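A.B. asks: Fold the following and give me the result.
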Amino acid sequence: MTVDDIHAARFKEPPEGAPYRWAIIRLQQRIAASGLSTSEFSRTTLIRAPNTTYRWLRAEYPIPKEVRDWLLGSVRLIDDITTTDKEVADG
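C.D. replies: All right, here's what the predicted structure looks like:
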């Protein structure tokens, strides 16, 4: 059984007019490929409440830009939070 088969079995197609329909499909594929339940994926990968992810999958709310960027593989880097104030002052 392929990931596409698992995806088709677990999720229904999002509505045609859903905002960011491509992102819903890609999120469904990521969840299916992970082998986790939607709730587990929400908590461990998205760091979101499961009910939020379910709302995205049902197209009740649009998927936020940060999550869409992650789905595309374009994640923004943040500053190293381990840098101390002394290291910053010393340049």
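A.B. asks: any weak-confidence spans in this protein?
C.D. replies: 1-9, 75-91 (pLDDT under 70).
A.B. asks: backbone phi and psi for Gly73, please?
C.D. replies: phi 90, psi 10 (degrees, to the nearest 10).
A.B. asks: Give me the neighbour count for it.
C.D. replies: Gly73 has 6 neighbours, counted by other CB atoms under 10 Å. From N, CA and C alone the C-beta is placed, and that goes for glycine too.
A.B. asks: Count the neighbours of Tyr54 for me.
C.D. replies: So Tyr54, with other CB under 10 Å, has 14 neighbours.
A.B. asks: Start at 503, not 1
C.D. replies: In the new count, where the first residue is 503, that last one comes out as Tyr556.
A.B. asks: Secondary structure class of it, three-state.
C.D. replies: Here Tyr556 is recorded as helix under DSSP: H, G, I helix; E, B strand; the rest coil.
A.B. asks: Distance of it relative to Gly575?
C.D. replies: 24 Å (CB to CB, to the nearest Å).
A.B. asks: I'd like to know how many residues surround Trp572.
C.D. replies: For Trp572, the neighbour count with other CB under 10 Å is 19.
A.B. asks: Could you do Arg550 as well?
C.D. replies: 14.
A.B. asks: what helix or strand is it on?
C.D. replies: When elements are assigned from DSSP states H and E, Arg550 belongs to no helix and no strand.
A.B. asks: So it is in contact with Ser541, correct?
C.D. replies: No: Arg550 lies out of contact with Ser541 (CB atoms under 8 Å); the separation is 10.4 Å.
A.B. asks: ranges for the helices of this structure?
C.D. replies: Using DSSP state H, the helices assigned to the chain run over residues 505-512, 523-536, 540-543, 552-559, 567-574, 587-592.
A.B. asks: now the fourth one and helix 567-574, what's the angle there?
C.D. replies: For the pair helix 552-559 and helix 567-574, the angle between their directions (axes from the mean of the first three to the mean of the last three CA atoms, to 10 degrees) equals 70 degrees.
A.B. asks: contacting residues around helix 552-559?
C.D. replies: For helix 552-559, contacts defined as CB atoms under 8 Å, 6 or more residues apart in numbering pick out 513, 516, 526, 529-530, 540-541, 543-545, 548, 563-565, 569.
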